[in-house]
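Participant: Need coordinates for the below:
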Amino acid sequence: MSVKENKALSEAELQELVAASDSGARSVPGRLGLFIAGIALVWSIFQVLLASPWAPYVLPSDAINNSRQIHLAFAVFLSAMAYPLFKRAPTDRVPWYDWLLALGGAFFALYGYFFYAKIVQNGGLADQTDAYAGLIGLALLFIAAYRTLGPVMVILAIIFLGYVFFGSSEVVPDQIRWAGASLRKAMSHMWITSEGVFGIALGVSTKFVFLFVLFGALLDKAGAGNYFIKMAFGALGHLRGGPAKAAVVGSAATGLISGSSIANVVTTGTFTIPLMKRVGFSAEKAGSVEVASSVNGQIMPPVMGAAAFLMVEYVGISYVEVITHAFLPAIISYIALVYIVHLEAVKNNMPTLGNKVVSMGKTIGGMFAFFAGFAALCYLTQFPVRLITDMVPSGSGWVLSVLLAAIYVGLIYLAASVPDLEPDDPNAEQVELPEIPKIYKSGLYFLLPIIVLVYFLMIERKSPGLSAFWATFLLFGILLTQKTLKAFFRGEDNALSKLKDGVIDLIQGMIDGARNMIGIGLATATAGIIVGTVSLTGIGQVMADFVEFLSGGNLILMLIFVAILSLILGMGLPTTANYIVVSSLMVAVVVELGAQSGLVVPLIAVHLFVFYFGIMADVTPPVGLASFAAAAVSGGDAIRTGFTAFFYSLRTVALPFVFIFNTDLLLIDVTWVQGIIVFVVSTIGILVFTAGTMGWFMTRSKIWETVALLVIAFALFRPGVFMNQIQPPYEQFEPAAFAQVLEDARPGSELRTTISGPDFDTLDMKDLTVVLTVPEAEGLDARLDELGLILVPEDGVMRLDEPMFGTDLSDKLSSFDFYADDPVAITKVQGSADQLPKELIFIPALALLGLVAWLQIGRARRQPEGVAA
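Facilitator: Below is the predicted model:
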């Protein structure tokens with residue numbers, strides 16, 4: 001049945017769509033246009049200098065201390081220059097009111113910089129003048145955010161700000177009513193101090209995010225994006241469903257350097273979607289594959305749509321730990337998407353592109369070898385670096401720079417031996433897919449900045465900002481010299497004149513990077529209002545009560561409602577703001593209600609949980625922005641594209657529920673050997689889950705086979721559930737015997753302890769489960785001191801007194817009222833029991849998988865038309 005297609009947008013219209021959402025739809029000619037570009041260039045230069053090791057020597061200390069204010073001033077000013085305020089506003093000139101909004105917005109963003117001495121003298125408290133200045137600043141910020149991000153973010157921020165001022169009104173329900181705040185108190189919190197607009201989120205945008213966005217823009221300007229797409233099509237384009245498989249891999253590579261799912265859709269989709277349609281994908285399915293793979297780029301380390309850097313601040317762990325924990329779910333999610341595409345191609349018996357005969361196994365093996373080799377190269381780089389550092393301690397920096405330059409020149413020499421890559425026309429009558437042996441040399445040098453970035457992040461453990469600075473600094477050199485060196489090695493006469501082209505490319509890349517940051521800068525600033533409201537009013541507790549009411553205390557229902565709320569809160573927001581909003585409001589809900597239900601998980605798992613569902617808003621109708629962008633490329637229906645993309649994203653939806661209950665998937669507290677086993681088993685599990693949801697494995701699945709596949713996937717992801725039925729994971733102890741249990745327990749072991757008592761705010765009785773790690777200290781008193789516990793045995797009940805101030809338990813138990821009539825007491829004690837390895841469950845699960853495969857292979861042989869290619 002044919003589907004009626006809408007008219008696909010032209011290339012120019014698509015670029016305008018991306019510009020309107022990511023960098024601004026206004027393009028001003030003449031001197032004014034040069035002035036605006038110059039401001040963007042100055043912003044990039046300032047941010048590069050700020051991240052550099054030379055910042056204290058080249059920038060005034062006031063500029064460094066107030067860098068967040070300067071960052072926001074640039075973003076507000078450029079938003080008025082680049083984004084029209086109204087649909088009918090001119091796009092080729094800047095109207096007078098935009099000049100007022102730009103200059104006014106920049107001034108009030110810099111208010112804390114201009115009046116820093118007075119604010120410090122007042123102890124950070126706003127006087128009446130400061131309060132009015134903050135109110136005007138918020139209004140101008142809302143206007144800038146509206147024109148750049150759309151109305152959703154602004155409406156959300158205004159609602160929360162309204163709650164700050166009018167939360168004490170009788171109109172507000174009793175359950176969420178609070179004391180309210182005066183104008184001075186609210187503006188001190190939101191505009192003058194670093195609790196609101198100028199808080200952690202804007203600080204991360206200033207320190208880290210800008211450099212990574214600039215790095216991505218420069219890498220794309222150098223030609224890396226086209227190279228990655230060509231390589232993906234060279235590796236996968238000839239397979240059945242090849243364009244879709246290449247779209248997935250190409251989007252994964254682009255997602256590494258992109259912070260925008262919409263830009264990713266349009267950048268790769270203009271080439272991949274028409275080719276997918278040529279081999280038999282409908283317009284909606286072609287768009288859905290691109291949406292699913294592009295949105296997945298937001299969960300792919302190292303950038304994760306800038307959320308990775310925010311997680312460092314919010315979770316309190318290192319950047320390396322964040323990307324380590326996020327890596328495996330992102331990888332297996334992409335593997336599953338490739339498999340979805342393969343099953344779609346097999347089910348519909350799609351043709352291949354070109355006449356090249358290739359082996360799927362060899363192709364996948366070759367890709368695995370490339371990525372493994374690249375990872376090994378990044379790891380092994382440390383050994384020659386250390387050798388040179390030991391041999392020439394004082395001049396190692398210069399020696400390494402010369403060596404890196406020599407490697408770069410050598411790779412440029414290789415690139416000069418083959419023609420430069422030009423973008424292909426996917427609508428050409430004859431599609432010539434690239435051949436990797438002929439093209440791989442042309443862009444190997446693009447890997448150098450990525451290797452430098454990974455080396456500084458993972459090996460040297462430098463800060464993300466400094467790591468991105470050195471990688472970006474290398475890109476400066478590449479952009480300036482690549483065309484000149486290629487022309488020189490090719491013996492062309494215009495080698496020196498190519499240097500001018502390199503300078504233009506570098507300047508344009510820095511301008512593009514700054515324009516791409518406008519939305520992110522304003523998103524983090526506006527989201528700071530929501531964060532500030534949560535810290536000022538305690539609205540997070542209200543959200544927890546609301547979810548608890550909806551779920552009735554059921555753990556699974558609670559997680560489902562949090563997932564739905566995260567999806568709703570993320571609608572219409574860019575990735576960075578999306579994460580700030582959902583993490584501010586939903587993380588505490590999962591942590592608190594989970595602990596009450598006995599679910600105790602690492603904080604990073606909870607942050608990733610809400611983040612995954614927040615970005616699903618880019619996929620899901622009615623707001624799914626990425627789905628609308630894909631439909632504009634494919635000419636398909638946007639709503640149907642969104643629903644199909646959500647179906648393709650089911651594996652991304654399922655994974656958060658898996659790693660909440662099985663943190664092995666996040667590589668938390670696992671050895672190298674365990675990590676490899678987890679990777680292999682998880683990959684098999686996600687492929688089996690995909691086959692189950694697609695209704696096709698070796699051939700079309702029967703209903704019982706689909707059910708079996710889903711059960712197998714569950715067993716591979718959560719073997720502990722089945723093992724716990726065979727052998728209980730915990731040994732139960734009497735609460736009154738807690739002191740003896742703690743004294744006898746092995747140091748380093750864990751005691752899951754449920755504590756019951758009255759809530760500090762409501763006096764309602766509640767339960768909280770905490771995991772106590774038994775200290776190394778010998779003797780009961782010493783262990784109690786280390787934990788901060790004060791036991792008060794009374795009539796067979798193990799009561800607790802308020803924990804010692806400054807201990808972990810002091811924070812965890814702060815929600816209890818220790819001075820109410822009802823006591824706070826230990827009501828349940830569990831210690832780890834000896835249990836067979838949960839991995840034994842893999843044996844029957846894989847045996848059942850083998851049975852299903854054997855039955856389907858036999859059936860496929862008897863029905864040749866269903867044979868998988």
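
Participant: I'd like the C-alpha coordinates of the strand or helix carrying residue 310 written as CSV, please.
Facilitator: According to DSSP states H and E, residue 310 maps onto helix 307-315. The C-alpha trace of helix 307-315 is given here as CSV (Å, rounded to 0.1, in the frame of the first residue of the first chain):
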residue,chain,number,x,y,z
ALA,A,307,24.9,16.5,29.4
ALA,A,308,28.1,14.6,30.3
PHE,A,309,29.7,17.8,31.7
LEU,A,310,26.7,18.6,33.7
MET,A,311,26.6,15.1,35.2
VAL,A,312,30.1,15.7,36.4
GLU,A,313,28.9,18.6,38.5
TYR,A,314,25.5,17.2,39.5
VAL,A,315,26.6,13.6,40.4
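
Participant: Could you list every helix and strand in contact with that helix?
Facilitator: helix 200-204, helix 319-347, helix 464-489, helix 575-596, helix 603-615 (3 or more C-beta pairs under 8 Å, 6 or more residues apart in numbering; DSSP states H and E). C-beta: built from backbone N, CA, C; applies to glycine.

Participant: again, only using 10 Å
Facilitator: Here helix 307-315 touches helix 200-204, helix 210-222, helix 319-347, helix 464-489, helix 498-537, helix 575-596, helix 603-615, going by 3 or more C-beta pairs under 10 Å, 6 or more residues apart in numbering; DSSP states H and E.

Participant: Now do the contacts for the residue most central in space within the chain.
Facilitator: Centroid-nearest residue in the chain, with C-alpha atoms, centre = their mean: residue 304, separated by 3.0 Å. Taking C-beta atoms under 10 Å, 6 or more residues apart in numbering, we find residue 304 in contact with 212, 255-256, 259, 297-298, 310-311, 322-323, 326, 330, 575-576, 579, 608, 611, 615.

Participant: any chance you could read off phi and psi for residue 422?
Facilitator: Main-chain dihedrals, residue 422, degrees, to the nearest 10: phi -110, psi 140.

Participant: So it is in contact with residue 271, correct?
Facilitator: No - the criterion here is C-beta atoms under 10 Å, and residue 422 misses it with residue 271 at 12.0 Å.

Participant: Looking at these two, which is more packed in?
Facilitator: Using other C-beta atoms under 10 Å as the criterion, residue 422 and residue 271 rank with residue 271 on top: 23 against 9.

Participant: so what's that one scoring on pLDDT?
Facilitator: Looking at residue 271, its pLDDT reads 74.

Participant: what about it, which helix or strand?
Facilitator: Assigned by DSSP H and E, residue 271 falls in helix 261-278.

Participant: ok, then the element right after that helix?
Facilitator: Per DSSP H and E, the first helix or strand lying C-terminal to helix 261-278 is helix 283-296.

Participant: List the buried residues of that following helix.
Facilitator: Neighbour-count burial for helix 283-296 flags 283-296 (criterion: 16 or more other C-beta atoms under 10 Å).

Participant: CA-only coordinates of it, as PDB, when you get a sec.
Facilitator: Output of helix 283-296 as PDB, limited to C-alpha atoms (Å, rounded to 0.1, in the frame of the first residue of the first chain):
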ATOM      1  CA  ALA A 283       9.300   7.900   3.700                       C
ATOM      2  CA  GLU A 284       8.200   7.400   7.300                       C
ATOM      3  CA  LYS A 285      10.500   4.500   8.000                       C
ATOM      4  CA  ALA A 286      13.500   6.200   6.300                       C
ATOM      5  CA  GLY A 287      12.900   9.300   8.400                       C
ATOM      6  CA  SER A 288      12.400   7.200  11.500                       C
ATOM      7  CA  VAL A 289      15.800   5.400  11.100                       C
ATOM      8  CA  GLU A 290      17.500   8.700  10.800                       C
ATOM      9  CA  VAL A 291      15.600  10.100  13.800                       C
ATOM     10  CA  ALA A 292      16.400   7.100  16.000                       C
ATOM     11  CA  SER A 293      20.100   7.100  15.100                       C
ATOM     12  CA  SER A 294      20.400  10.900  15.400                       C
ATOM     13  CA  VAL A 295      18.700  11.200  18.800                       C
ATOM     14  CA  ASN A 296      20.800   8.300  20.000                       C
END
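
Participant: these two touch, right, residue 247 and residue 229?
Facilitator: Yes - the pair residue 247 / residue 229 is scored as a contact, 8.8 Å apart, by C-beta under 10 Å.

Participant: Sketch out the helices for the stretch 101-250 of the chain, chain order is fine.
Facilitator: For the stretch 101-250 of the chain, the helices defined by DSSP state H, counting those that start in this stretch cover 111-114, 116-121, 128-149, 151-166, 183-187, 200-204, 210-222, 224-236, 242-255.

Participant: by how many degrees do the helix holding residue 310 and helix 210-222 diverge?
Facilitator: Helix 307-315 and helix 210-222 are oriented at 170 degrees to each other (axes from the mean of the first three to the mean of the last three C-alpha atoms, to 10 degrees).

Participant: Quick one: distance of helix 307-315 to the chain centre.
Facilitator: Distance of helix 307-315 from the chain centroid (C-alpha atoms, centre = their mean, to the nearest Å) equals 10 Å.

Participant: now swap in stretch 178-197 and tell me
Facilitator: For stretch 178-197, the distance to the chain centre is 29 Å (C-alpha atoms, centre = their mean).

Participant: swap in stretch 828-844?
Facilitator: Averaging C-alpha positions (C-alpha atoms, centre = their mean) puts stretch 828-844 33 Å from its chain's average.
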